[in-house]
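Student: Here is a sequence with its predicted model. Questions after.
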Amino acid sequence: MCERGCVRERLYETLQGNAPVHSGMQGSLRMAILGALTNPGSLFRAQLAYGAMVAVGFSTELAEKHACAIEYFHVASLLLDDLPCMDDSRERRGRICLHLLHGEPTAILGSLALITRAYVLLGDVISRIPARRQMEAHRLLDRCLGSAGLVNGQAQDLAYRPGGRREVLRIALGKTVPLIRLALCFPSLAANLPARQRLLLNRISVYWGLLYQGMDDVRDASEPASLGRMAGRDAPLRRPNLLLAVGQETTLSSLTRLSTLARQAVDRLTADRRFGFLRAVQEILSERWIASLLEEQEPDWHGLPQAHFH
């Protein structure tokens, strides 16, 4: 991903071009969708999806459609996460949450519009692959996004009762891993890669997903809530958080282990030069992880007793 800056910019433009908006739309709904898509994060998942599609030989057109679909699913989940009945957030990526600007019903409808457009884009991609693999691709979508995947992960997150490392990681496996798995494993399925490569991509998605969530947990539990929506939310909401659940030493040990496993899997896969872009992604995640190690990692209980989390 040496050209990741250019890829990100192109994907950002494509997200706007494929946005499910038109001139006849109700005004608040249109503004909510555009507001969600003009305030992007890192586009981490979208860039993974694009890179994986190009690596296995698909055109940039289909790679962009896959990447946009992944990002639309992600943004739709954030719109729902922020609602009062979920995380009751007031700020997302430095801006006021859309349900506060346009109302909760409009935020929900905006999420549904993005999900629908994502399925349309992926449906187009699936229609271009051999018929014998199309049903398998649809089943992968269901496993990643439906009641066995992201939806169930979010439900487990909401129903969480303070538990240990295994429970926190289990919820992250359902909540954070599925979109990364879809980004990396859909292209390998569509291209009918050998089973060994598909297995390695699945493992990488698990390791990266758990590591990504773990680093977010560390940031949330270590920073004061005054720093914004992503800091200090898990404690008062009693959401699963690795650092709060098991403390500093076990958290650092777990995430170091995940980083090592991810690097080993990437090294094995990138013997195939097509997947060289994954090395760059691994380096980015490693740099972020090392930076987090240098910061204060003691949990901030945010005024609540430690027993509240155990």
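Tutor: Great, that's in hand. Note that the structure is predicted; figures quoted are calculated from it, not measured.

Student: Quick one: distance of the helix or strand hosting Q248 to the chain centre.
Tutor: Q248 is part of helix 242-269 when elements are defined by DSSP states H and E. Taking Cα atoms, centre = their mean, to the nearest Å, the mean C-alpha location of helix 242-269 is offset from the chain mean by 18 Å.

Student: Give me the helices and strands touching the helix or strand just after it, please.
Tutor: The helix or strand immediately downstream of helix 242-269 is helix 277-293, counting by DSSP H and E. When contacts are defined as 3 or more Cβ pairs under 8 Å, 6 or more residues apart in numbering; DSSP states H and E, helix 277-293 sits against helix 44-55, helix 195-222, helix 242-269. Heads up, the C-betas are built off the backbone N, CA and C, glycines and all.

Student: winner for burial among these?
Tutor: With neighbours taken as mean count of other Cβ atoms under 10 Å, these reach their highest mean count in helix 44-55, at a mean of 25.

Student: circling back: out of the helices and strands packed on helix 277-293, flag the one nearest A69.
Tutor: helix 44-55 (7.8 Å; Cβ to Cβ).

Student: Which residue ranges of the stretch 1-150 of the chain form strands?
Tutor: 91-92, 95-96 (DSSP state E, counting those that start in this stretch).

Student: mind checking which of those is nearest R203?
Tutor: strand 91-92 (30.9 Å).

Student: That closest one: partners in the sheet, and parallel or antiparallel?
Tutor: Here strand 91-92 is paired, per DSSP bridges, with strand 95-96 (antiparallel).

Student: what's the spacing between the partner strand and its chain's center?
Tutor: Distance, centroid of strand 95-96 to centroid of chain: 20 Å (Cα atoms, centre = their mean).

Student: Need the mean per-residue confidence for it.
Tutor: The average pLDDT for strand 95-96 rounds to 92.

Student: what's near enough to touch the closest residue to A172 other than its chain neighbours?
Tutor: Using Cβ to Cβ, 6 or more residues apart in numbering and skipping the chain neighbours, the partner closest in space to A172 is Q213 (4.1 Å). If you count contacts by Cβ atoms under 8 Å, 6 or more residues apart in numbering, Q213 has them with 172, 175-176, 242.
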